[in-house]
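>>> Below is the sequence, then the predicted model.
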Amino acid sequence: MEPMDIVGRTKEDASLPKATMTKIIKEMLPPDVRVARDAQDLLIECCVEFINLISSESNEVCNREDKRTIAPEHVIKALEVLGFGEYIEDVCAAYEQHRLETIDTMRSGKWSNGAEMTEEEALAEQQRMFAEARARMNGGGASVPKQPDDSDTQPTSNS
């Protein structure tokens, strides 16, 4: 039986994408420096272990506060408790940058959930999608036209 270091996963299941990690390693070094495959693997293992350590301590901090969700402040406190206080400023800056990028992404519509629609428009779109799904399920395969207010698709008649 293999040791379970992470809930429900064996040690071999928990890893980071090698291509991504290799790219990060290469970006951090001068162009003329090469890294042996064994050294890359070791660095990846160290990163996984560091993430496990921070995650575990963040969970402990979270539990001590009787919370059920690990929040960024729990991670920051974990860094402090584990003696990685010198990283806190950089972590806070990275988190703030992430937060700003996420807000920009949501505003640009990439994560748009239709909040721009009125309730009536959303209901009409939902009904159209249901009708389209029913038509596909019934073997019709025919596409139900969009609502008339959509300028890109006009209903067609089969007279």
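Yep, that arrived.
>>> Tell me the buried residues in stretch 54-64?
By 16 or more other C-beta atoms under 10 Å, the buried positions in stretch 54-64 come out as Ile54, Glu57, Ser58, Val61, Cys62. C-beta: built from backbone N, CA, C; applies to glycine.
>>> Next: stretch 83-92.
Across stretch 83-92, burial judged by 16+ other C-beta under 10 Å covers Phe84.
>>> For this structure, which segments count as helices?
18-28, 37-64, 72-81, 88-108, 119-137 (DSSP state H).
>>> Point out where the protein drops to low pLDDT.
1-13, 105-116, 140-159 (pLDDT under 70).
>>> tell me, what residue is most central in it?
Thr102 (10.6 Å; C-alpha atoms, centre = their mean).
>>> looking at the helices of the chain, which is buried most?
Ranked by mean neighbour count, those are led by helix 72-81 with a mean of 18 (mean count of other C-beta atoms under 10 Å).
>>> Contacts made by that one with the rest, please.
For helix 72-81, contacts defined as C-beta atoms under 8 Å, 6 or more residues apart in numbering pick out 54, 57-62, 65, 67, 85, 87-88, 91-92, 95.
>>> what angle separates it from helix 88-108?
Between helix 72-81 and helix 88-108, the angle comes out at 160 degrees (axes from the mean of the first three to the mean of the last three C-alpha atoms, to 10 degrees).
>>> Let me see the contact set for Ser58.
Ile70, His74, Val75, Lys77, Ala78.
>>> Which one of these is nearest to Gln127?
Ile70 (40.1 Å; C-beta to C-beta).
>>> Would you check that the closest one makes contact with Asn59?
Yes. Using C-beta atoms under 8 Å, Ile70 is in contact with Asn59, at 6.1 Å.
>>> so how far is Thr102 from Met28?
25 Å (C-beta to C-beta, to the nearest Å).
>>> And Leu16, how close does it get to Pro31?
Distance from Leu16 to Pro31, counting by C-beta to C-beta: 23 Å.
>>> which of those two has more neighbours?
Counted by other C-beta atoms under 10 Å, Leu16 and Pro31 do not tie: Leu16 has more neighbours, with 14 against 6.
>>> show me the contacts for that one.
Going by C-beta under 8 Å, 6+ apart, Leu16 touches Ile44, Cys47, Val48, Ile51.
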